[in-house]
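Undergrad: With the sequence up front, the predicted model follows.
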Amino acid sequence: MNKEVSNKSVNSVLLPTLLVVGVAFLVTAVVFGADSVIPGVHDAFHDFRHSVGITCH
Amino acid sequence: MHFMISGTQLVLPVINIMAGTIELQRGIITGVIAGAIWGIFTLCISSITQLLEFDFSFFNGIVTFSVAGMGLGLVAGALYSVIRNYLPFQNEILKGGFLSTAIWLIFFVCSLILSGTSPERYHFHNEQSLQGLILSVFLGVFIGLLWKSDKIRQLINTINL
Ligand SMILES: [Zn+2]
């Protein structure tokens, strides 16, 4: 019972948390146009960045 | 009696974590859907206001704006599900709007710092930033609206994580 609960907790706490942290990292790269993190992200999301008012060119 | 209390104290954190994760998963799914809608909404508003010269067509924008919106929505929705009970509002829409505006402000302040450190790369446009501030409220409004939606709750029960 205890083991089952802890396995379930790992799957249902750890995995979503890792997902959120990973996506937060990617979103930060998109928002600031960090090509060093994701190549091409600056140009691909350029319209979006200006639309939401983050400093850019 | 003493044994009962310590037993409850032992089990309670586990129950809390389980309940909390159901909320977290609901927050993630709600945030992704709200974020996609908000991305398209942002594209539409920005296309109307024309505060920038678009590099891409509206139809290309549908992809990039909804992807960026889903990412931001996922993070905002997850945070929302975790801290909504600690926010000083009763209304879910107010809670959401407060949170998404706060997230935007963090990004914006960081971008201001970047424009201070490398001014040749990061330029400030005041109308665009005002538009961004106003639009950021709507991301949380959409999350708050969808959080209460029965359809989203049914969807989450159907995929049952
Ligand atoms: Zn730019």
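TA: Arrived safely, thanks for sending. Numbering: from 1, shown residues only, chains lettered A, B, ... in the order given.
Undergrad: make it CA atoms for all contacts and neighbour counts henceforth
TA: Will do.
Undergrad: where do the helices sit along the chain?
TA: As the question left the chain open, I've gone with chain A. Listed in chain order, the helices of chain A (DSSP state H) span residues A:2-9, A:15-32, A:41-44, A:46-51.
Undergrad: nope, chain B
TA: Counting by DSSP H, chain B has these helices, from start to end: B:2-49, B:58-83, B:92-117, B:126-147, B:150-159.
Undergrad: Now these in TSV, please, with extra columns for mean pLDDT and mean neighbour count.
TA: Converted to TSV, these look like this (pLDDT from 0 to 100; neighbours: other C-alpha atoms under 10 Å in any protein chain shown):
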stretch	mean pLDDT	mean neighbour count
helix B:2-49	80	18
helix B:58-83	97	23
helix B:92-117	96	19
helix B:126-147	97	22
helix B:150-159	83	12
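Undergrad: Tabulate those helices (CSV), appending distance to A:L26.
TA: Formatted as CSV, the helices of chain B follow (distance: least, C-alpha to C-alpha, whole Å):
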stretch, distance to A:L26
helix B:2-49, 14
helix B:58-83, 8
helix B:92-117, 13
helix B:126-147, 18
helix B:150-159, 25
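Undergrad: would you list those in JSON lines and tack on distance to chain A?
TA: Compiled in JSON lines, the helices of chain B are given as follows (distance: least, C-alpha to the nearest C-alpha, whole Å):
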{"stretch": "helix B:2-49", "distance to chain A": "6"}
{"stretch": "helix B:58-83", "distance to chain A": "6"}
{"stretch": "helix B:92-117", "distance to chain A": "6"}
{"stretch": "helix B:126-147", "distance to chain A": "4"}
{"stretch": "helix B:150-159", "distance to chain A": "14"}
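Undergrad: Which one of those helices lies nearest to A:V21?
TA: Closest to A:V21 of those is helix B:58-83 (C-alpha to C-alpha; 8.0 Å).
Undergrad: got the angle for that closest one vs helix B:92-117?
TA: Comparing the axes of helix B:58-83 and helix B:92-117 via axes from the mean of the first three to the mean of the last three C-alpha atoms, to 10 degrees yields an angle of 110 degrees.
Undergrad: got the angle for helix B:58-83 vs helix B:126-147?
TA: 60 degrees.
Undergrad: Just checking the distance from stretch B:61-74 to the centre of its chain.
TA: How far stretch B:61-74 lies from its chain's middle: 11 Å, per C-alpha atoms, centre = their mean, to the nearest Å.
Undergrad: and the spatially most central residue of chain A, what does it touch?
TA: Averaging the C-alpha coordinates of chain A gives a centre point, and the residue nearest to it by C-alpha atoms, centre = their mean is A:V23 (1.7 Å). Contacts of A:V23 were listed using C-alpha atoms under 8 Å, 6 or more residues apart in numbering or on different chains, and they are B:71, B:74-75.
Undergrad: possible to save these as TSV with distance to the ion?
TA: TSV is the format used below for these (distance: C-alpha to the ion, whole Å):
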residue	distance to the ion
B:G71	20
B:L74	25
B:V75	24
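Undergrad: what would those residues look like in TSV with distance to B:L145?
TA: As requested, the contacts of A:V23 are exported to TSV (distance: C-alpha to C-alpha, whole Å):
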residue	distance to B:L145
B:G71	18
B:L74	15
B:V75	17
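Undergrad: could you measure B:F124 against B:I143, distance?
TA: With the distance defined as C-alpha to C-alpha, to the nearest Å, B:F124 ends up 28 Å from B:I143.
Undergrad: how about B:L51, phi and psi?
TA: Backbone torsions for B:L51, taken as degrees, to the nearest 10, come to phi -80, psi 0.
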